[in-house]
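Trainee: what follows is a predicted protein model with its sequence.
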Amino acid sequence: MIMEPILQAKKICKCFTRPTRVDVLKDVSLELYPGQSVAIMGASGEGKSTLLHILGTLEAPDSGDLLIAGISAAHNPTPLLRNRHIGFIFQGYNLLENYTTIQNILMPALISGKPIHKGTPAYQRALELLGKVDLEDRAEFSTKLLSGGEKQRVAIARALCNDPGIILADEPSGNLDHQTSKMIHDLLLHCCKDLSKALIVVTHDRELASLCDKTVQLCNGEIKCINPS
Ligand SMILES: Nc1ncnc2c1ncn2[C@@H]1O[C@H](COP(=O)(O)OP(=O)(O)OP(=O)(O)O)[C@@H](O)[C@H]1O
Ligand SMILES: [Mg+2]
């Protein structure tokens, strides 16, 4: 059986025009298969987050197409498609600070219409995910009380809530100590290798990049494969 890519980006272009024109992405194409991990590297401002937002259907490209599980999603993505297939870990966490840790993790389940009260399968799964990120004792904490590394781990657990096939992580260990970074890297790579999820991770961390199946570099709006070439 030939495996189909779960995500395909075809000749994605993006420029911002206000306040001045910035051509961020020029004909970027990328394919991602279940169980495959790809690291995106590149200097600050090269467009890594912009690319990830487009791949995650959070932002539309100016041209080009995006297929998620074979469905065209570049211009009219349904929230359902995103909610079902994509777990997004934002560069700035994007947690809802007036909600507790467990409520944040359950947000994707709530959006997809699942019951989320205590005792439901979704709630049980959220508790398991809390365990995986080593935060069982923070379930009822407001996320504004958490440290940066703890917020990042909650953001990862939230991304995994609906068991998506694609995980998009934007600098998931940007400002963390080595031990916490390693825990986060192990968790993401475990999801990829053992649970067959497709992973794209934006990172400046060469160690993490070296653990991924493929590394690409974003430079001057174009993508170049640096490993394996
Ligand atoms: N909404 C916007 N309007 C105008 N310009 C933008 C907008 N969003 C991003 N940019 C510009 O596009 C470029 C790419 O930004 P992006 O955030 O994708 O970079 P990045 O590679 O993720 O950087 P970093 O490593 O610092 O996170 C930057 O020059 C930024 O100033
Ligand atoms: Mg960024």
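Mentor: Perfect, thanks for sending it. Numbers count the residues shown, from 1 in each chain. Ligands and ions are numbered 1, 2, ... in the order given.
Trainee: could you use CA atoms for every contact and neighbour count after this?
Mentor: Will do.
Trainee: which helix in this structure has the most residues?
Mentor: Counting by DSSP state H, the longest helix found in the chain is helix 178-195.
Trainee: need the three-state assignment for Val107.
Mentor: You called it Val, but residue 107 is Met. Secondary structure for Met107, judged by DSSP: H, G, I helix; E, B strand; the rest coil, is helix.
Trainee: now do it against Asn83, distance only.
Mentor: Relative to Asn83, Met107 is positioned 10 Å away (C-alpha to C-alpha, to the nearest Å).
Trainee: what's the answer for Gly113, then?
Mentor: Using C-alpha to C-alpha, Gly113 is found at 11 Å from Asn83.
Trainee: comparing the two, which shows the higher neighbour count?
Mentor: Between Gly113 and Asn83, counted using other C-alpha atoms under 10 Å, the more crowded position is Asn83 (20 against 9).
Trainee: that one contacts Ser112, correct?
Mentor: Yes. Asn83 lies in contact with Ser112 (C-alpha atoms under 8 Å); the separation is 6.8 Å.
Trainee: just for the protein, where's the confidence low?
Mentor: 1-2, 229 (pLDDT under 70).
Trainee: the residue nearest the centre of the chain: what secondary structure?
Mentor: What sits nearest the mean C-alpha location of the chain, by C-alpha atoms, centre = their mean, is Leu168, with 1.9 Å. When classified by three-state DSSP, Leu168 comes out as strand.
Trainee: what sits against it?
Mentor: 52, 56, 86-89, 199-201 (C-alpha atoms under 8 Å, 6 or more residues apart in numbering).
Trainee: can you do 10 Å?
Mentor: 38, 52-53, 55-56, 86-90, 156, 159, 188, 198-202 (C-alpha atoms under 10 Å, 6 or more residues apart in numbering).
Trainee: again, but for Asp163
Mentor: Listed by C-alpha under 10 Å, 6+ apart, the contact set of Asp163 reads 83-87, 108-109, 125, 191, 195, 197.
Trainee: recalculate using a threshold of 7 Å.
Mentor: The contact partners of Asp163, by C-alpha atoms under 7 Å, 6 or more residues apart in numbering, come to none.
Trainee: surely it is within a helix?
Mentor: No. Asp163 is assigned coil when assessed by three-state DSSP, not a helix.
Trainee: if we can go back for a sec, ok, residues contacting the longest helix of the chain?
Mentor: 35-37, 173, 197-199, 208.
Trainee: switch to 6 Å and redo it
Mentor: 35, 173, 197-198 (C-alpha atoms under 6 Å, 6 or more residues apart in numbering).
Trainee: residues from this protein in reach of ligand 1?
Mentor: Within the chain, the positions adjacent to ligand 1 are 16, 18, 24, 43-50 by C-alpha under 6 Å from any ligand atom.
Trainee: now with 8 Å?
Mentor: Residues of the chain that fall close to ligand 1, judged by C-alpha under 8 Å from any ligand atom: 15-24, 42-51, 91, 170-171, 218.
Trainee: how close does Leu95 sit to Thr101?
Mentor: Counting by C-alpha to C-alpha, the gap from Leu95 to Thr101 is 9 Å.
Trainee: what packs against the helix or strand where Ile200 lies?
Mentor: Using DSSP states H and E, Ile200 sits within strand 198-202. Counting contacts by 3 or more C-alpha pairs under 6 Å, 6 or more residues apart in numbering; DSSP states H and E, strand 198-202 is packed against strand 37-41, strand 166-170.
Trainee: run me through the strand neighbours of it, direction for each.
Mentor: Strand 198-202 has the following strand partners under DSSP bridges: strand 37-41 (parallel), strand 166-170 (parallel).
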